[in-house]
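In: need coordinates for the below:
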Amino acid sequence: MIKVLFVCMGNICRSPMAEAVFKDLVARAGLADQFEIDSVGTEAYHVGEPAHRGTRRILAEHDIPCDSISRQVTRTDLTQADYIIVMDRYNASDIQRVMPKGSLEGRLSLLLSFANGRHSGSSLDVPDPYYTGNFEEVYRLVQAGCQGLLAHIRQERGI
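Out: Residues are numbered from 1 along each chain as shown. The predicted structure follows:
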């Protein structure tokens with residue numbers, strides 16, 4: 001199984017959106033049996049809560065199911081994941097602080113590093129719609145990043 005873990009701060013907006021979008025892309029590609037896909041937050045603010053209503057709304061508009069329940073990342077999550085995909089550089093920094101130096105080498109990436117120029121702006125950070133309210137923009141960015149990530153994994157793994 002290829003284990004993909006999406007990470008944001010609270011695990012109610014960006015990472016559950018990425019989890020749902022990536023699951024949808026993987027299923028459409030007929031590869032669901034080869035992946036284990038999950039999402040977590042670096043903070044415990046929303047543990048046990050469903051995805052934000054804005055995330056659920058935008059996913060429903062695109063016919064993508066979302067059943068994510070917020071949870072905080074564990075060291076086990078990080079040691080077992082093949083791909084740790086963070087939404088912004090702050091998430092990356094938080095993750096790097098809890099793991100031994102070098103242990104994440106080649107496994108930790110910003111989602112938009114896979115978007116291959118399919119997003120506007122120079123930042124590789126996915127803005128947090130919890131603060132901006134712009135779930136449509138975040139959906140477009142997440143979709144582009146997830147498409148690129150799947151292409152990357154398929155090429156890297158020969159699937």
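In: who touches the lengthiest helix in the chain?
Out: In the chain, with assignment by DSSP state H, the single longest helix is helix 135-157. Residues from elsewhere that reach helix 135-157 (C-beta atoms under 8 Å, 6 or more residues apart in numbering): 2, 4, 13-14, 17-18, 21-22, 25-26, 29, 31, 54-55, 57-59, 62, 83, 85, 111-116, 118-119, 126-129, 132, 159. (Each C-beta comes from the backbone N, C-alpha and C, glycine too.)
In: what subset of those residues is buried?
Out: The neighbour-count test (16 or more other C-beta atoms under 10 Å) marks 2, 4, 13-14, 17-18, 21-22, 25-26, 31, 54-55, 58-59, 83, 85, 111-112, 114-115, 119, 126-129 as buried among those.
In: could you list the low-pLDDT ranges of the protein?
Out: For the chain, residues meeting the criterion pLDDT under 70 lie at 117-122.
In: can you map out the helices along the chain?
Out: Going by DSSP H, the chain shows helices at 14-28, 53-61, 75-80, 89-98, 129-132, 135-157.
In: make CSV out of those and add distance to Tyr45.
Out: Shown next, in CSV, are these (distance: least, C-beta to C-beta, whole Å):
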stretch, distance to Tyr45
helix 14-28, 13
helix 53-61, 15
helix 75-80, 17
helix 89-98, 13
helix 129-132, 10
helix 135-157, 18
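In: just those helices: most buried one?
Out: Neighbour counts (mean count of other C-beta atoms under 10 Å) averaged over each of the helices of the chain peak at helix 14-28, with a mean of 25.
In: the inter-axis angle of that one versus helix 135-157?
Out: Per axes from the mean of the first three to the mean of the last three C-alpha atoms, to 10 degrees, the angle that helix 14-28 makes with helix 135-157 is 50 degrees.
In: who are the packing partners of helix 14-28?
Out: strand 2-8, strand 35-41, helix 53-61, helix 135-157 (3 or more C-beta pairs under 8 Å, 6 or more residues apart in numbering; DSSP states H and E).
In: can you list these in a markdown table and add distance to Thr76?
Out: Shown next, in a markdown table, are the helices and strands packed on helix 14-28 (distance: least, C-beta to C-beta, whole Å):
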| stretch | distance to Thr76 |
| --- | --- |
| strand 2-8 | 11 |
| strand 35-41 | 11 |
| helix 53-61 | 25 |
| helix 135-157 | 22 |
